[in-house]
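Engineer: Model the structure of this input:
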Amino acid sequence: MQTVDEIKPCYPLFRDDDYKASLKNKQDLFEERHPAEKVQEVFKWTTSKEYQELNFKREALTVDPAKACQPLGAVLCALGFEKTLPYVHGSQGCVAYFRSYFNRHFKEPISCVSDSMTEDAAVFGGQKNMFDGLENAKAMYKPEMIAVSTTCMAEVIGDDLNAFITNTKKAGHIPEDFPVPFAHTPSFVGSHVTGWDNMFEGIMRSFTLNTMEGKVVGSNQKLNFVPGFETYLGNFRVIKRMMAEMDVEATLLSDPSEVLDTPADGEFRMYSGGTTQAEIKDAPNAVSTILIQPWQLEKTRKYVENTWNHEVPKLNIPMGIDWTDEFLMKVSELTGKPIPESLAKERGRLVDIMSDSHAWLHGKKFALYGDPDFVMGMVKILLECGAEPTHIVCNNSSKRWVKAMEKLLAESPFGVNGKVYPGADLWHMRSLCFTDKPDFLIGNSYGKFIQRDTLHKGPEFEVPLIRIGFPLFDRHHLHRQTTIGYEGAMQVVTTLTNAVLEKLDADTMGMGTTDYNFDLIR
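Structural biologist: Got it, this is the predicted structure:
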């Protein structure tokens, strides 16, 4: 039992005899359980090739899709602008989900409000909710901009954000000149990356669509960088650092790295940092706009090309050596600024790291899942290290992305056995890990259930999870790391290599049996 002198956490508390007895009584008296033998029989069947074939025939059911909904992405986009309050036209429960989702990943309070649509709004529309919601949000939280997105309920009943916001201003609830950019972000289509793209396009429209007169491409001698749905705060910082070393004036369009990483110094910062309104207004005057994650920024690309008249460079996410080289060379070409010796040395250190770790990564098989640009960048790094990507799951990919991924795999001898599964989910990935076992799985925290299930079948079937991606709920501070640029590749290769060595140690720890390979030096 718990005592004041010895307070145990739930593990190992629930393994005490009294708790085990309580759980058994609950199961025996109140649960209509199947026999343990039957449970194990079904579990074993779900690990078979027969089950995999049935699993991949699913059409009307998704199990753990490895993506989130559009408004989540819209909220993150809004958080990247100075003194901006994300506002969701929908129910309170949806916003509670968005806030808690980001809170669990960033371990920070997340500012976001809703106008609390309920049953009456679902019948009569949410205009009154927006009247009260925008007025109260501005008065209570004193933002300088409110960015509005929608949830399923508002989209199903057909609420028109442009009309609602215009009516709210005409009725005097907020000033006519107060910026309220918006985006329709229905949760039942697209994903969180689509929602980010939609919200960013809405902000660009709000500040630049009707003010393009007098704008001249290149007149401010800056480069714009659009990050897309990015949750590694180190990636924002590494872009700024590389540009500073190149002496390039750069504007990050949506930069939440400060508000999502505020110091614990006794002061609460509801708003901190972020792209200013002046910067987004001035963005059309830049030399060019570079999309860091181009596969998830289709609307942004079209708007920047057609309205800002920028020639958007055709680049991949700058992950790994080759694509970081291309990124920096394009920046140098656009600005006329040379790539400094400091970045050349950093590249050399990455080559050294890859050389040191090559023997451990070569030939290792990795399954991975996540968003389109991240997955493609991870595959690029794996191929550069001589590792073999096998099962590649991307639920929110496109047909063009699949062709590009297959081309990337075909260009390397280490990618010839890789297979792409567009639209697949983590239950599909679970089947693949049983029937064609990789050495490791790369992805977000949800992959831990696949690791647990494979281990349950037996230690020889275990597929260890390497946590790289979003969300990362069950480990701390990984969101501050970096995945892009030479620095990011160094961190990724370090993570991969040490995961391989951790597994090797675990496999060779048997005293007098396997410890002939329990080496001090690897």
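
Engineer: for residue 444, what are its contacts?
Structural biologist: By CB atoms under 8 Å, 6 or more residues apart in numbering, residue 444 lies in contact with 66, 369, 370, 467, 469, 470, 471, 472. In this view, the C-beta of every residue, glycine as well, is placed from N, C-alpha and C.

Engineer: wait, the first one sits on residue 446?
Structural biologist: Yes: the pair residue 66 and residue 446 passes the contact test of CB atoms under 8 Å, sitting 7.0 Å apart.

Engineer: any common contacting residues for these two?
Structural biologist: Joint contacts of residue 66 and residue 446 (CB under 8 Å, 6+ apart) are residue 426.

Engineer: Not including adjacent chain positions, what is the nearest residue to the residue positioned nearest the centre of the chain?
Structural biologist: Residue closest to the mean C-alpha point of the chain, counted by CA atoms, centre = their mean, is residue 470 at 4.1 Å. For residue 470, ignoring the flanking residues on the chain, the nearest one in space by CB to CB, 6 or more residues apart in numbering is residue 231 at 4.3 Å.

Engineer: quick one: residue 469 and residue 374 touch, right?
Structural biologist: Yes: assessed by CB under 8 Å, residue 469 is found in contact with residue 374 at 6.3 Å.

Engineer: These two - which one has more neighbours?
Structural biologist: Per other CB atoms under 10 Å, whichever of residue 469 and residue 374 has more neighbours is residue 374, with 31 against 24.

Engineer: Would you report the backbone torsion angles of the more buried one?
Structural biologist: Main-chain dihedrals, residue 374, degrees, to the nearest 10: phi -60, psi -50.

Engineer: With residue 261 instead?
Structural biologist: Torsion angles, degrees, to the nearest 10, at residue 261: phi -150, psi 50.

Engineer: Could you double-check that it sits in contact with residue 109?
Structural biologist: No: counting by CB under 8 Å, residue 261 does not reach residue 109; the two are 11.9 Å apart.

Engineer: Neighbour count: those two, which is higher?
Structural biologist: residue 261 (18 against 14).

Engineer: Show the low-confidence segments of this protein, by residue range.
Structural biologist: Scanning the chain for pLDDT under 70 picks out 1-2.

Engineer: Quick check: longest helix in the protein by residues?
Structural biologist: helix 485-507 (DSSP state H).

Engineer: Just the C-alpha atoms of that helix, please, in CSV.
Structural biologist: The C-alpha coordinates for helix 485-507 follow below in CSV (Å, rounded to 0.1, in the frame of the first residue of the first chain):
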residue,chain,number,x,y,z
GLY,A,485,21.1,21.1,-42.7
TYR,A,486,24.4,19.6,-42.0
GLU,A,487,23.8,20.0,-38.3
GLY,A,488,20.5,18.2,-38.5
ALA,A,489,22.0,15.3,-40.5
MET,A,490,24.7,15.0,-37.8
GLN,A,491,22.0,14.7,-35.1
VAL,A,492,20.0,12.2,-37.1
VAL,A,493,23.0,10.0,-37.9
THR,A,494,24.0,10.1,-34.2
THR,A,495,20.5,9.0,-33.2
LEU,A,496,20.4,6.2,-35.7
THR,A,497,23.9,4.9,-34.9
ASN,A,498,23.4,4.9,-31.2
ALA,A,499,20.1,3.1,-31.5
VAL,A,500,21.9,0.4,-33.4
LEU,A,501,24.6,0.2,-30.7
GLU,A,502,22.0,0.2,-27.9
LYS,A,503,20.3,-2.8,-29.6
LEU,A,504,23.6,-4.5,-30.0
ASP,A,505,24.4,-4.1,-26.3
ALA,A,506,20.9,-5.4,-25.3
ASP,A,507,21.4,-8.4,-27.5
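
Engineer: quick thing: my sequence starts at 600, can you match it?
Structural biologist: Let's use 600 as the start, then, which means that last one is helix 1084-1106.

Engineer: Report the contact partners of residue 1087.
Structural biologist: By CB under 8 Å, 6+ apart, the neighbours of residue 1087 are 831, 833, 834, 837, 918, 1080, 1081.

Engineer: got a markdown table for the residues you listed, with distance to residue 1020 and secondary structure too?
Structural biologist: Formatted as a markdown table, these follow (distance: CB to CB, whole Å; DSSP: H, G, I helix; E, B strand; the rest coil):
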| residue | distance to residue 1020 | secondary structure |
| --- | --- | --- |
| 831 | 24 | coil |
| 833 | 29 | helix |
| 834 | 26 | helix |
| 837 | 30 | helix |
| 918 | 21 | coil |
| 1080 | 27 | coil |
| 1081 | 28 | coil |
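
Engineer: Show me where this structure has its strands.
Structural biologist: 683-688, 712-713, 744-749, 822-825, 849-851, 887-890, 964-968, 987-993, 1018-1021, 1039-1042, 1064-1066 (DSSP state E).

Engineer: Can you list the strands that the second one pairs with?
Structural biologist: In other words, strand 712-713. strand 683-688 (parallel) (DSSP bridges).

Engineer: Residue 749 contacts residue 686, doesn't it?
Structural biologist: No: in this structure, residue 749 is not within contact of residue 686 by CB under 8 Å, at 10.2 Å.

Engineer: Give me the distance between the closest residue in space to residue 868 that isn't next to it in sequence and residue 1026.
Structural biologist: Leaving aside its chain neighbours, residue 868 sits nearest to residue 861 (4.7 Å; criterion: CB to CB, 6+ apart). Using CB to CB, to the nearest Å, residue 861 is found at 37 Å from residue 1026.

Engineer: what's the answer for residue 896, then?
Structural biologist: Taken as CB to CB, the span from residue 896 to residue 1026 is 29 Å.

Engineer: Between these two, tell me which one has more neighbours.
Structural biologist: residue 896 (26 against 18).

Engineer: what sits against the closest residue to the more buried one other than its chain neighbours?
Structural biologist: Of all residues not flanking residue 896 in the chain, residue 890 sits nearest, at 4.7 Å (CB to CB, 6+ apart). Residue 890 makes contacts with 825, 827, 896, 899, 900, 911, 914, as judged by CB under 8 Å, 6+ apart.

Engineer: do that again at 7 Å, thanks
Structural biologist: Shown in contact with residue 890 (CB atoms under 7 Å, 6 or more residues apart in numbering): 825, 827, 896, 899, 900, 911.

Engineer: what does residue 926 give?
Structural biologist: Residue 926 sits in contact with 914, 917, where contact means CB under 7 Å, 6+ apart.
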